[in-house]
Structures are given as structure tokens and as C-alpha cells.
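J.: Pasting the sequence and the predicted model now:
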Amino acid sequence: MIIPLPHFAPNSEHCFIYGPELSQQTYAAFITIPHCDLVFPQYAERGVILTISALSTTTIQLIAAEDVGKFAAAAFANPMKFNRLEIELAAEWLTFPQIAQQINSITGKNVRSEVVAQGGALSAGVPPYLIESEVWWNEVGYSAADVDTAKSYGIPLISFIDWVQMHKNEIISSLP
């Protein structure tokens with residue numbers, strides 16, 4: 001079953017042209033901690049990543065924006081190697097509790113993941129577009145990315161824990 005996400009529709013098939021014969025379609029949404037109040041409003045207020053239903057066990061794909069840039073640079077440097085490839089990028093798969101734990105281990109802050117029932121998510125402050133996304137994550141998810149395949153291109157990918165370390169000061173300043 002595929003759940004349509006109206007807010008993704010305008011962005012779901014961006015085509016970035018890197019050269020005459022090379023294009024890449026991307027289907028990922030990126031989030032940076034200083035701006036994550038758009039997706040997790042309770043994060044900046046209480047240090048909470050509030051999710052719905054089964055998301056405490058659902059894994060999501062994580063990729064650093066820097067890694068996307070590395071692949072784009074590699075495509076410019078060697079266009080024939082990447083010609084007509086569609087590469088689904090993910091450095092790793094983590095649950096929201098694992099994400100919170102890794103933030104805590106580096107920052108010393110008390111970030112936690114809390115789960116609310118889907119029916120109570122809106123009144124708990126979860127934005128409607130995030131509820132749609134989380135239902136989709138739970139029922140469909142980003143199943144295309146294969147971490148081993150992404151790593152097979154020889155481009156080092158940043159783990160989430162390393163990303164947190166790199167952005168530690170930004171993360172700390174974004175928390176209560």
C-alpha cells in the first residue's frame with residue numbers, strides 16, 4: 001500500500017542535471033537540528049522528539065547533507081562512472097530512540113523520544129504534515145536505500161554519531 005503525501009508531491013521528483021548525460025532524482029527530505037522545530041516542535045521547547053505509534057521501533061534512513069554533496073562532486077569529477085545511475089543514499093538506519101540516545105551521548109543533554117497514539121498526535125502538537133509522514137514511514141518507509149551499496153562507491157559516509165559530534169555546538173544551542 002502506498003500512502004500519498006501531498007506535501008511531498010511538488011518535491012518528489014526534482015531532477016538535478018550534473019552533465020549532458022547525467023541526472024539524479026532524489027526522494028529524501030533533509031533536516032538539520034537548528035531547524036528541526038519544523039518537524040519536531042517539541043524538540044526546541046522540551047528536548048523531545050515526539051513521534052506517533054510504532055515509530056519507536058521503525059527505522060529511518062539517515063544521510064548527511066555533506067554526503068550528498070560528496071556524491072554530487074564525484075559525479076562532476078567522473079560523469080561516466082555515475083552516468084544514468086539513480087543512487088539511493090543512506091549512511092545508516094536508526095530508530096528515533098537511537099537518534100535521541102546518540103544526541104545525548106555526545107551533547108550530555110537530555111533529548112528523548114516519546115511516542116503518542118496517532119489519534120492524539122495533533123493535540124500533542126505533532127503537525128498534520130508530520131503525522132502523514134510518520135504514517136507513511138511506519139507503513140511504507142524509505143526501503144530503497146541500501147547502505148552497503150551506497151558505501152560501495154568508495155565515498156566515505158558520515159554516521160549519525162559522527163554528524164552529531166561535528167555539529168555538537170549547534171545542537172546544544174538549539175536545546176532548552
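T.: Looks like it came in fine.
J.: ranges for the strands of this protein?
T.: 14-19, 22-26, 48-52, 60-62, 92-94, 112-116 (DSSP state E).
J.: Which of those strands comes out lowest on mean pLDDT?
T.: Lowest mean pLDDT within the strands of the chain: strand 22-26, a mean of 33.
J.: So which helix or strand of this structure has the lowest pLDDT on average?
T.: In the chain, no helix or strand scores lower on mean pLDDT, DSSP states H and E than strand 22-26, which sits at a mean of 33.
J.: which residues in this protein form helices?
T.: Secondary structure of the chain by DSSP state H: the helices cover 41-46, 65-77, 79-82, 96-107, 128-139, 147-151, 160-166, 168-174.
J.: Make a markdown table from these and add mean neighbour count and distance to L89 to it.
T.: No exception for glycine: its C-beta is placed from N, CA and C like everyone else's. Formatted as a markdown table, the helices of the chain follow (neighbours: other C-beta atoms under 10 Å; distance: least, C-beta to C-beta, whole Å):
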| stretch | mean neighbour count | distance to L89 |
| --- | --- | --- |
| helix 41-46 | 16 | 24 |
| helix 65-77 | 15 | 6 |
| helix 79-82 | 14 | 12 |
| helix 96-107 | 18 | 18 |
| helix 128-139 | 17 | 17 |
| helix 147-151 | 14 | 5 |
| helix 160-166 | 18 | 14 |
| helix 168-174 | 14 | 22 |
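J.: got a markdown table for the ones you listed, with mean pLDDT too?
T.: Converted to a markdown table, these look like this (pLDDT from 0 to 100):
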| stretch | mean pLDDT |
| --- | --- |
| helix 41-46 | 62 |
| helix 65-77 | 88 |
| helix 79-82 | 88 |
| helix 96-107 | 88 |
| helix 128-139 | 77 |
| helix 147-151 | 86 |
| helix 160-166 | 90 |
| helix 168-174 | 82 |
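J.: do you know which of the ones you listed lies nearest V115?
T.: Distance to V115, taken as C-beta to C-beta, is lowest for helix 96-107 among the helices of the chain, at 8.3 Å.
J.: now the angle from the closest one to strand 112-116?
T.: Interaxial angle, helix 96-107 versus strand 112-116 (axes from the mean of the first three to the mean of the last three C-alpha atoms, to 10 degrees): 160 degrees.
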